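S.K.: please work out how this folds:
(one chain, ligands or ions: 1)
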Amino acid sequence: MSDAKERVEQLRRELNDHNYRYYVENAPVIDDREFDRLMHELEDLERAYPELDDPLSPTHRVGSDISKGFEQAEHVYPMLSLGNTYSPAEVDQWLDRTRTALMGEDVAIVGELKFDGTGISLIYEHGRLVRAVTRGDGTRGDVVTDNVKTIRSIPLQLRGEGWPDFFEIRGEIVMPWAAFERLNEERAFNEEPLFANPRNAAAGTLKLQNSAEVARRGLDACFYYMLGENLPCATHYDNMQRAREWGFKVSDAMTRLYSTEEADAYIARMDAERKQLPVATDGLVFKVDSLRQQLNLGFTAKSPRWAIAYKFAAERARTRLRFVSFDVGRMGTITPVANLEPVLLSGTIVKRASLHNEDIIRQLDVHEGDMLYVEKGGEIIPKIVDVDVSARHAGAAPVRFVGHCPACGTPLVREEGEAAWVCPNKWGCTPQITGRVEHFVGRRMMNIDGIGGETAAALFASGLVRDIADLYDLTVDALVQLDGIARKGAERIVEGVRASCEVPFERVVYALSIPYVGETTAKKVARAAQNIDTLMAMSAEALTAIEDVGPRIAESIVDYFAAPENQVIVGRLRAAGVCMAMPERDASATSDRLGGKSFVISGVFEHHSRDEYKALIERYGGRNVGSISKKTDYVLAGANMGPAKLEKATKLGIPVIGEDDFLSMIAE
Ligand code: IVH
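M.R.: Purely as a prediction, here's the structure:
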């Protein structure tokens, strides 16, 4: 008993610690399987020794994703989780148990994919989406209806017929691989922290306050569970097929299975097939098909007895660490990289894997020459997840983080509360300078053709380009002196530089490489300030008044413009003709960009008032109309758009666009 008590306490400490690392620090040090193993051991002990139970034990924690800023709602039916297993044999045992519990009745089960995203509950009344709520603590969740409405695959108004007047449908909000990779590439580019996997990216996106940004990130949703009083069919499978007819995305992989052999074959088949899927999955779910049988089987305190999740093992490889190198980003961030003996992992050869930052190296306790486990859990860059300590060479030294910049030798600095070490030598550290030039010329920034990473490095080495303003002094004659640049290429660069003067101010702000100012923030800041002089004069306090600009970003902007070097650069860019202000709101200017299309405006907007939008529509050759009809081309919708208007637009199939969509329609 006293042994049990000690073990229980130790398990609770360990599990609390792992919870913290996973949920707070977003840097787990063990995998889900190991975590589940510890949790099961604790559950077993608590069951065996009820006197040791504690309401604050991690076994009583369901986990909550409730965040400030969203209204909350109680779930009509609690959102439970699923019992899970990692072995096909346990799936077979579950099926046997289920048959026994049902007195030997025939049992059909449904096999389906376990989508790796974030759970959502949607409530439909009379065929219309009325509310979307996150799982939260299982009893109450955040109301994220506005964000969910931006997911194009979710029907706002159901199609077909035969739905109950009131029902709930549950599914998973997912970020498809392609969208996830796009988002992380953009974040890597901006030196913003990357999302570890599509699940975190989907959950993080769903909780954004700005639904236009949610829309931009390309979420999707798959549905797998219908609840209500008057469901159309008596089986789960048939109900889901009806859901598909009503417009929900229901996976084709959902299959009825009638025996243990079929379940095992399904596991083998899906483990292979899931690798081709456009979305992340972390396993399969098996459910009893008949709703009557589900009702008979019922629930435990945490999960239904009529379902079980089978989790796939994450693919990992074991290989030796050759050495750790340190990359320098354009903002000076130092990233440790494990250089590995090449190893095959999920079809690609891995030679390098991120070690993220100093804390992770320390947590993993990596030593020189260690055998490491590499995983590709959805990250673009594989990561080191564990060390095989048993294979460590005697006397191997722990891997140490560098104290000086590997490129320029400057002592590194680490700000309080930040995970990353940074090289402060902004103006003398080559990879930072060439990185900023590369960023500046990029397609989404100044879009200057002909300069890639190598050319940026050559321009720096030759002394022609020491900062971004030098680009505007380049001449064809000077460029052709460089190795590998022919006259045609040189002309293309000079023409690209000239054309970049047409790039709008908001992209110029992004192109400057102000730390923490990504594409979206740059747009907001540029629109709020309207021109560079105002922006340079703004205090941190004024900047934080702009949506999505927190104190860290505000301070970074102030610091950037306080640096005399940057003031000189901005002055030179301006003199070269780079655009330093938003376009004048010149009422007399006209264009035919909207080509006579008719617009109905509804709701409240963020960037311009309704009247300004009306004026913009006219200025760009569109027409304002008062009410929605068959002839309306677009509804420009802000927050709180009236439900009647929305219904009408949806019914008539008229595209409902947001502010950002509209602004990009009229953008230069
Ligand atoms: S059924 C009462 N089916 O996994 C059972 N869940 O670990 C309701 N999930 O909270 C869930 N794919 O967020 C079910 N095909 C699927 C699923 C699935 C993913 C998620 C869901 C749930 C969690 C349980």
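S.K.: the residue in the stretch 151-300 of the chain positioned nearest to the ligand is in what secondary structure piece?
M.R.: Distance from the ligand to each residue of the stretch 151-300 of the chain (C-beta to the nearest ligand atom) is smallest for Tyr224, at 3.6 Å. The C-beta positions use only the backbone N, C-alpha and C, and glycine is treated the same way. With the criterion set as DSSP states H and E, the secondary-structure element containing Tyr224 is strand 220-227.
S.K.: so how far is that strand from its chain's centroid?
M.R.: Taking C-alpha atoms, centre = their mean, to the nearest Å, the mean C-alpha location of strand 220-227 is offset from the chain mean by 20 Å.
S.K.: ok, then the element right after it?
M.R.: For strand 220-227, the succeeding helix or strand toward the C-terminus, using DSSP H and E, is helix 236-245.
S.K.: so for the chain, the centremost residue is which one?
M.R.: Of all residues in the chain, the one closest to the mean position by C-alpha atoms, centre = their mean is Ala201, 2.3 Å from it.
S.K.: identify the residue nearest that residue in space, chain neighbours excluded?
M.R.: Using C-beta to C-beta, 6 or more residues apart in numbering and skipping residues adjacent in sequence, the residue nearest Ala201 is Phe195, 3.8 Å away.
S.K.: check Ala307 too.
M.R.: Excluding its sequence neighbours, the residue lying closest to Ala307 (C-beta to C-beta, 6+ apart) is Lys287, at 4.4 Å.
S.K.: beta partners for the one you found?
M.R.: Per DSSP bridges, the residues bridged to Lys287 are Val110, Ala307.
S.K.: tell me the pLDDT of the residue nearest to Ala201.
M.R.: Listed pLDDT for Phe195 reads 81.
S.K.: may I ask you to confirm that it belongs to a strand?
M.R.: No: using DSSP: H, G, I helix; E, B strand; the rest coil, the assignment for Phe195 is coil, not a strand.
S.K.: give the contact list for it.
M.R.: Neighbour list for Phe195: Phe180, Leu183, Asn184, Arg187, Ala201, Gly204 [criterion: C-beta atoms under 8 Å, 6 or more residues apart in numbering].
S.K.: would you map the strands across the stretch 501-650 of the chain?
M.R.: 598-602, 623-624, 634-637 (DSSP state E, counting those that start in this stretch).
S.K.: looking at those strands, which is buried most?
M.R.: Of all those, strand 634-637 carries the top mean neighbour count, a mean of 24, counting by mean count of other C-beta atoms under 10 Å.
S.K.: quick revisit: now render the strands of the stretch 501-650 of the chain as JSON lines, adding mean pLDDT and distance to Glu161.
M.R.: Written out in JSON lines, the entries for the strands of the stretch 501-650 of the chain read as follows (pLDDT from 0 to 100; distance: least, C-beta to C-beta, whole Å):
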{"stretch": "strand 598-602", "mean pLDDT": "89", "distance to Glu161": "28"}
{"stretch": "strand 623-624", "mean pLDDT": "86", "distance to Glu161": "36"}
{"stretch": "strand 634-637", "mean pLDDT": "92", "distance to Glu161": "25"}
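S.K.: picking up where we left off before, lowest pLDDT pick from the contacts of Phe195?
M.R.: For the contacts of Phe195, the model is least confident at Arg187; its pLDDT is 81.
S.K.: give the full set of residues in contact with the residue nearest to Thr205 when sequence neighbours are not counted.
M.R.: Using C-beta to C-beta, 6+ apart and skipping the chain neighbours, the partner closest in space to Thr205 is Arg217 (4.9 Å). Under the criterion of C-beta under 8 Å, 6+ apart, the contact list for Arg217 reads Met175, Ala179, Leu183, Ala201, Thr205.
S.K.: list the contacts for Val350?
M.R.: If you count contacts by C-beta under 8 Å, 6+ apart, then Val350 has Ala317, Thr319, Leu340, Pro342, Val343, Leu344, Val374, Lys376, Pro382 around it.
S.K.: for Ile169, see how far away the residue of the stretch 151-300 of the chain closest to the ligand is.
M.R.: 9 Å (C-beta to C-beta, to the nearest Å).
S.K.: tell me which parts of the stretch 101-250 of the chain are close to the ligand?
M.R.: Listed as neighbours of the ligand in the stretch 101-250 of the chain under the rule C-beta under 6 Å from any ligand atom: Glu112, Leu113, Lys114, Phe115, Gly119, Glu172, Tyr224, Tyr225.
S.K.: circling back: neighbour count winner among Tyr224 and Ile169?
M.R.: A direct count of neighbours by other C-beta atoms under 10 Å for Tyr224 and Ile169 places Ile169 higher, at 27 against 23.
S.K.: helix, strand or coil for the more buried one?
M.R.: Classified using three-state DSSP, Ile169 is strand.
S.K.: didn't it look like it was pressed against Leu231?
M.R.: No: Ile169 is not in contact with Leu231 according to C-beta atoms under 8 Å; the separation is 10.3 Å.
S.K.: secondary structure element holding Pro406?
M.R.: Taking DSSP H and E as the criterion, Pro406 maps to no regular element, lying outside all helices and strands.
S.K.: again, but for the one 10 residues further on
M.R.: Glu416 belongs to no helix or strand when assigned by DSSP H and E.
S.K.: please shift the residue numbers so they start at 797 in all later answers.
M.R.: Will do, 797 is the new start, and the previous item becomes Glu1212.
S.K.: how many neighbours does it have?
M.R.: Counted by other C-beta under 10 Å, the residues lying close to Glu1212 total 4.
S.K.: save the contacts of Phe991 as CSV, and put in distance to Leu1275 too.
M.R.: Formatted as CSV, the entries for the contacts of Phe991 read as follows, by distance: C-beta to C-beta, whole Å:
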residue, distance to Leu1275
Phe976, 38
Leu979, 35
Asn980, 34
Arg983, 33
Ala997, 41
Gly1000, 43
